[in-house]
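> build the 3D model from these lines:
(4 chains)
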Protein chains: 4
Amino acid sequence: MSKIKLGMVGGGKGSFIGEVHRMAARLDDRYELVAGALSADAKTAEESALNLNLDKSRSYPSYETMAEVESSLESGIDVVAIVTPNHLHAKIAEIFLRRGIHVICDKPLTTNLDDAEYLASIVKESGLVFAVTYNYSGYPMVRQAREMIQNNDLGGIRAVQIEYAQDWLATGIENTGHKQALWRTNPEKAGMGGAIGDIGTHAFHLSEFVTGLRVRRLLADLDSFVPGRELDDNASILMEYTNGAKAMLWVSQIAAGKENGLKIRIYGSNAGLEWSQENPNFLKFSPLGESPRTLSRGGPSAGALAGNATRIPSGHPEGFIEGFANIYSDCADLIVAYKTSAKIESLVPAVNDGIRGMQFIETAVKSSKSGAAWLTFGS
Amino acid sequence: MSKIKLGMVGGGKGSFIGEVHRMAARLDDRYELVAGALSADAKTAEESALNLNLDKSRSYPSYETMAEVESSLESGIDVVAIVTPNHLHAKIAEIFLRRGIHVICDKPLTTNLDDAEYLASIVKESGLVFAVTYNYSGYPMVRQAREMIQNNDLGGIRAVQIEYAQDWLATGIENTGHKQALWRTNPEKAGMGGAIGDIGTHAFHLSEFVTGLRVRRLLADLDSFVPGRELDDNASILMEYTNGAKAMLWVSQIAAGKENGLKIRIYGSNAGLEWSQENPNFLKFSPLGESPRTLSRGGPSAGALAGNATRIPSGHPEGFIEGFANIYSDCADLIVAYKTSAKIESLVPAVNDGIRGMQFIETAVKSSKSGAAWLTFGS
Amino acid sequence: MSKIKLGMVGGGKGSFIGEVHRMAARLDDRYELVAGALSADAKTAEESALNLNLDKSRSYPSYETMAEVESSLESGIDVVAIVTPNHLHAKIAEIFLRRGIHVICDKPLTTNLDDAEYLASIVKESGLVFAVTYNYSGYPMVRQAREMIQNNDLGGIRAVQIEYAQDWLATGIENTGHKQALWRTNPEKAGMGGAIGDIGTHAFHLSEFVTGLRVRRLLADLDSFVPGRELDDNASILMEYTNGAKAMLWVSQIAAGKENGLKIRIYGSNAGLEWSQENPNFLKFSPLGESPRTLSRGGPSAGALAGNATRIPSGHPEGFIEGFANIYSDCADLIVAYKTSAKIESLVPAVNDGIRGMQFIETAVKSSKSGAAWLTFGS
Amino acid sequence: MSKIKLGMVGGGKGSFIGEVHRMAARLDDRYELVAGALSADAKTAEESALNLNLDKSRSYPSYETMAEVESSLESGIDVVAIVTPNHLHAKIAEIFLRRGIHVICDKPLTTNLDDAEYLASIVKESGLVFAVTYNYSGYPMVRQAREMIQNNDLGGIRAVQIEYAQDWLATGIENTGHKQALWRTNPEKAGMGGAIGDIGTHAFHLSEFVTGLRVRRLLADLDSFVPGRELDDNASILMEYTNGAKAMLWVSQIAAGKENGLKIRIYGSNAGLEWSQENPNFLKFSPLGESPRTLSRGGPSAGALAGNATRIPSGHPEGFIEGFANIYSDCADLIVAYKTSAKIESLVPAVNDGIRGMQFIETAVKSSKSGAAWLTFGS
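I've put the predicted structure just below:
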């Protein structure tokens, strides 16, 4: 089985997420990175390409050129990974889609909903594979939770508690030239959402992915606690799902002591479930009237979804990279199926999930500006 | 030092909280239970008194009689503990106060704010000791957290996360004759708050006690998920403190798998703190830019407030009863000081804390009825 | 039901364990402390008695006088608690037993096996209640573990891992005048065992109490890591039970970071169990081929033994004092039964458990001196 | 930088460890798998090679042929990974070493000490890179522990507690045809050690790697609890290091509820350290007289060794595969250095570590047969 040819836009030296995408692509050996426009800075692009053993001729000065050339090669790239700051996602994606190249795009999808919807129309038109890397849905025990809820192990969902808390923006590091912080706190590059865009969209997607529910309306109170910061760094959000279940969602990048604290807890009429990203191989399952059980990845209670996303036995921890790699592997399945026009079910977050993420950001910002009013989702 | 003479109203056979009060009173040997009106049911009252070795003559058929007789005895009770359902608190308290007897009253203070304010005026007039058993403030590591925040170990407080979640009302057990559930879900006995009254007031008090901040306004969304239930069993609340800090407060009695999950996390500009009631001997302290530390009750980092509330060395867990007993011991100090007209500082929750609890309930209910509008606290 | 009259020898001001015994006696209101020989130092004795509200006439200058006088009083003490250093236990116990007074004695029983066996003969002759406060057997979830093993929930026991580790003797604090450390590291007062006597006997008792097995032989390697210390402060012990199961027992008082780390894990042919003293309200139960469950005190899987030893609902942590109080309450049952010559089953550690503790110490010391040879238990 | 050419012997379909080696080799993109003798079964070998996209001509029917052909190719493999059952390691390694090909060999090194020593002489003679995959030494926080101990953060080491417990052999699954169990419980393929060889050697290596100490003597008691099993499935071992520190080591594959429970705790005169493989991103550090701290991979207290072995930020868990990949990356450094005759320091476990592992097994077996006598290590 020949490998899928992968190109990358962004992700040059110093990028965190670019390297994560590459490791994720490598892990199951289904991709081969063959081309890149790795940086807007020519020198950085060149050095990065060298480090990655890219053929010099396929290290491009711009994504436009890359799209043009690669689509003309007999064995040009099948798929491009877009790992730039948010404001470039849509533009780049469109160019590659129009050239017939599949897209794996970092989140959030764009910087505003209009762009997202426009992009979705392009995707639809193209018929190509388009994935948004809400990577936390790639964790096996997250999928286990989804499967258990689909199987009605929890009964009707009533209450959901979600949080995604970090502390790396607890001080104004964007003022010290910290590159990652700089664009994430800049509305022109990040869009209208700060923490809610950077990490809140992950949490939002996770909640819908796991519960299988859809948010009907939400209410948000956004704050910027660090002096001078324009975008939110702490958000208190209430949500209501279409079945009447209620959620509280806390998003923060100023929570001292929190490293990457994504956590979800779901309470149904029959049982509860808890999962925490920082100890991701376990899922706590609490049926009413019984002692709670700790399900482990690869352990005796794991179902098919978790099993398919598991590489090594229980007790041998898998982590963030493995979860991310599950998204890449699922994309590989989609790309292979595309070639044969096969229809397959997939858990990969798609452009519509990207749109919901943008709706989440916009509705939250709008609600907060209206004094934390309940707003219909996407209104 | 002679013991303080204690009477009790309510708390007969089958009561959970009555026995807790008695154990708390006993632990440090500063009280002697000598009188009671332990039940409205005469037989239950009698049997309960027998079990407790009360002198038969001091087991009263009604609290009115008890107040009258005890206040006329030379060595009548110094203080009465009121552990009845909520709707009786105010009435009983007034009677004893008017007879010159100190009061230790269970929470919430009353069933509505008017009664609470009226009661406060009686307390003030009497000059007597009046304690409300927000017992979680008696835990040593809760007091440690308070002391650290007073010492500015956290810097300015920005965000607070509080939750108090249980699952014992996840099904309609009030319909099966469960006594504790019955009155707690009945507006006539419990007041206008269900979960928010029963446990939410604890959480609310804890948040102000620990942070030293005062809530300025709040927004609440209350639900009754169990069919037919009149009062809230799940609440999503946002709060703003006078310094601009924001809190999220989750209160639930339908969270499958939660036994008595009271937890508070506080994030300041310099550090974070986390405490959980179910593992109460520890406090997680996370200064920005340093590895987090686990402070233990009795351990090397414990300060004066925790030290004063500690009986046994670190590693020997203290629990709920010991925390409750700290409230009783602090009350004993107040009662002793009263006798000598000494002025002492005290951490004991007083009638004003009881009023804030009622304001919390009323504001939350009102906000929820207004579609989760922000309301000024106590408005 | 009138209260049992309790006297105490030792336990004056500054004593940790004396106050623990008193709180334990108080908690369930079945004892009344009425007499004491609280300290060999007359002034300390007097002050301590005053603090405890003892009648002046019943604060004795010596335990001999106390035994003589109390046994002659019409309402003299029923039972004496002995909380002195180890070398006095036997002598004091004998005097009270010969006067017809029941005994609750701290552990280890004596400083050598001969004394222990002599004492046992006195106990037997007297027919009186004699308890040794291996208090960890009073924890509800320890009793739950015992019950589950008796019910064969684990299948045949194969392997046991026990540890009791502290760090308070990690430096030579006995040389700084630390009173508790001083006698515990002095062979004349502590006997031939240091850590193994002070805490190892607890662990040893716990292992037999929970598993229901008896140790057949053991092998020990004792060390004194702190320079100049005569008695062991770290011990590595292997044990074999009569059914062929194997145990490893680690005892240490020099394990930096350990406060009171008593932990037991038991593995049978069908399931495993884990319990840790520092988080005592939970028991981890792992049936082979199933997800592990966390049983909680008061929770849905708790059986009769745990239930009987439980005061408050799950989620409301009980701790060390409550566990200790269970031993006192069980003793109260025995004393009441004695009065009516009733026969009752009891979980209270008795003189024979005390003897096994001494055998444990002596066998361990002898084995270590023989280069860690296997020795038949008690040989 | 061109990739290192990797061959593999063993690791065909159904192998756990073969796939782990391949993922580890892929993760950092420094290796290219180009050849294999993946199975003794021709059909399995062929299918496995196909799945792995090996060139058909480089899928060999035997490792002898593979060594011969690859060493004759201009761009033949640089290094071979040996992932067969233990009894084949030495033979295969020798053949490749004699052809000038570096070796990465799974553990334990061989089935007996003589073979190990012979192999070591071949390695020495060859001057080639030879790594033994004691992969747990690749975890960043394990290396952090090593660095802290080297920096004397713990003071003099006194006591070490190590355990490696699993439950997958708690029943006689080798009798049901379970392939992994079959050879591991067969002395002819596994050697004289069962659990002590399969997992005990990992624990042993870890203890010396982290502490920097060397074991001087040990005492072992080995059991086979599952009826009919020839090799040990539970082992209780005491060890003494050359500095006088003492260790207890528990190895078990019958501990119900344990998945892959490798844990090490080290106590020095100034501080303690604890690390657990199932939650590997954290290290607990307990300086005497201070509150314990939780160090995280990538967090504020991480030093150079951990930093070099870290790919993604704290809070984003790395796991077993990443730790394993660190061994592969370090080997890549060694292979690159070899080409330029550069001398570099390396943490990669080498043939001498493999020999110590065999000495551990043999000494433990011998000691157990002598009734758990202390034996000089390697005697």
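> what is the burial count for A:Arg229?
When neighbours are counted by other Cβ atoms under 10 Å in any protein chain shown, A:Arg229 registers 19. Just so you know, the C-beta spots here come from the backbone N, C-alpha and C atoms, and that holds for glycine as well.
> now it: how far from chain C?
39 Å (Cβ to the nearest Cβ, to the nearest Å).
> tell me the residues of chain A that contact chain C?
Taking Cβ under 8 Å from any Cβ of the partner chain as the criterion, chain A approaches chain C at residues A:Phe285, A:Gly289, A:Glu290, A:Ser291, A:Pro292, A:Arg293, A:Thr294, A:Leu295, A:Ser296, A:Gly299, A:Pro300, A:Ser301.
> what do you get if the cut-off is 7 Å, keeping everything else the same?
Proximity of chain A to chain C is confined to A:Gly289, A:Glu290, A:Ser291, A:Pro292, A:Arg293, A:Thr294, A:Leu295, A:Gly299, A:Pro300, A:Ser301 under the rule Cβ under 7 Å from any Cβ of the partner chain.
> between the residues you listed, which is closest to D:Ile82?
Among the residues of chain A next to chain C, A:Gly299 lies closest to D:Ile82 (Cβ to Cβ), at 30.0 Å.
> sec struct for the closest one, please.
coil (DSSP: H, G, I helix; E, B strand; the rest coil).
> what pLDDT is listed against it?
Reading off the per-residue confidence, A:Gly299 sits at a pLDDT of 95.
> got the residue ranges for the strands in chain A?
A:4-9, A:31-37, A:79-82, A:102-105, A:130-132, A:157-165, A:215-223, A:234-241, A:246-252, A:261-268, A:271-276, A:282-287, A:293-296, A:375-376 (DSSP state E).
> now do the residue lying closest to A:Glu318 once chain neighbours are set aside against chain B, distance only.
Setting aside the residues directly before and after it, A:Glu318 is nearest to D:Gly319 in space (Cβ to Cβ, 6 or more residues apart in numbering or on different chains), at 4.8 Å. Using Cβ to the nearest Cβ, we find D:Gly319 at a distance of 21 Å from chain B.
> give me every residue that touches A:Leu231.
Applying Cβ atoms under 7 Å, 6 or more residues apart in numbering or on different chains to A:Leu231 gives the contacts A:Thr185, A:Pro187, A:Ala190, A:Gly193, A:Gly194, A:Ser224.
> my guess is the second one meets A:Glu230, correct?
Yes: checked against Cβ atoms under 7 Å, the pair A:Pro187 and A:Glu230 is within contact range at 5.7 Å.
> what touches both of the two?
Applying Cβ under 7 Å, 6+ apart, one finds that no residue jointly contacts A:Pro187 and A:Glu230.
> which one is the residue located most distally from the centre of chain A nearest to, not counting chain neighbours?
Largest separation from the mean C-alpha position in chain A: A:Gly289, at 35.8 Å (Cα atoms, centre = their mean). Sequence neighbours aside, C:Pro300 is the residue nearest to A:Gly289 in space, at 5.3 Å (criterion: Cβ to Cβ, 6+ apart).
> what's the burial count for the one you found?
Counted with other Cβ under 10 Å, the burial measure for C:Pro300 works out to 14 neighbours.
> what's the neighbour count on A:Leu73?
For A:Leu73, the number of neighbouring residues by other Cβ under 10 Å comes to 13.
> same question, the one 3 residues further on
A:Gly76 has 19 neighbours, counted by other Cβ under 10 Å.
> what does the stretch 51-200 of chain A put close to chain B?
Taking Cβ under 7 Å from any Cβ, the part of the stretch 51-200 of chain A that reaches chain B is made up of A:Arg158, A:Ala159, A:Gln161, A:Asp167, A:Ala170.
> I'd say A:Leu206 and A:Gly138 touch.
No: under the criterion of Cβ under 7 Å, A:Leu206 lies out of contact with A:Gly138, with a separation of 10.7 Å.
> now do the contacts for A:Gly194.
Taking Cβ under 7 Å, 6+ apart as the contact definition, A:Gly194 lies against A:Arg184, A:Thr185, A:Leu231, A:Asp232, A:Asp233.
> thinking again about what came up before, ChimeraX command to pick out the buried ones of the contacts of A:Leu231?
Buried subset of the contacts of A:Leu231, written as a ChimeraX selection, criterion 16 or more other Cβ atoms under 10 Å in any protein chain shown:
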select /A:185,190,193,194,224
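> possible to save the contacts of A:Leu231 as TSV with pLDDT and distance to B:Leu6?
Shown next, in TSV, are the contacts of A:Leu231 (pLDDT from 0 to 100; distance: Cβ to Cβ, whole Å):
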residue	pLDDT	distance to B:Leu6
A:Thr185	95	59
A:Pro187	93	63
A:Ala190	91	62
A:Gly193	96	57
A:Gly194	97	55
A:Ser224	98	52
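> so can I have a markdown table of the contacts of A:Leu231 showing distance to B:Tyr267?
Formatted as a markdown table, the contacts of A:Leu231 follow (distance: Cβ to Cβ, whole Å):
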| residue | distance to B:Tyr267 |
| --- | --- |
| A:Thr185 | 18 |
| A:Pro187 | 24 |
| A:Ala190 | 22 |
| A:Gly193 | 20 |
| A:Gly194 | 16 |
| A:Ser224 | 14 |
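> pick the one among the contacts of A:Leu231 closest to C:Val69.
When those are ranked by distance to C:Val69 (Cβ to Cβ), A:Ser224 comes first, at 75.8 Å.
> can you pull out the low-pLDDT segments for chain A?
Along chain A, the model assigns pLDDT under 70 to residues A:1.
> A:Val210 and D:Phe225, how far apart?
Taking Cβ to Cβ, to the nearest Å as the measure, A:Val210 and D:Phe225 are separated by 41 Å.
> so the two - more neighbours on which side?
A:Val210 (26 against 21).
> just checking, the more buried one touches A:Ile264?
Yes: proximity of A:Val210 to A:Ile264 meets the contact threshold set by Cβ under 7 Å, at 6.2 Å.
> most neighbours of all the residues of the stretch 51-200 of chain A next to chain B, which one?
Neighbour counts for those peak at A:Ala170, which has 28 neighbours (criterion: other Cβ under 10 Å).
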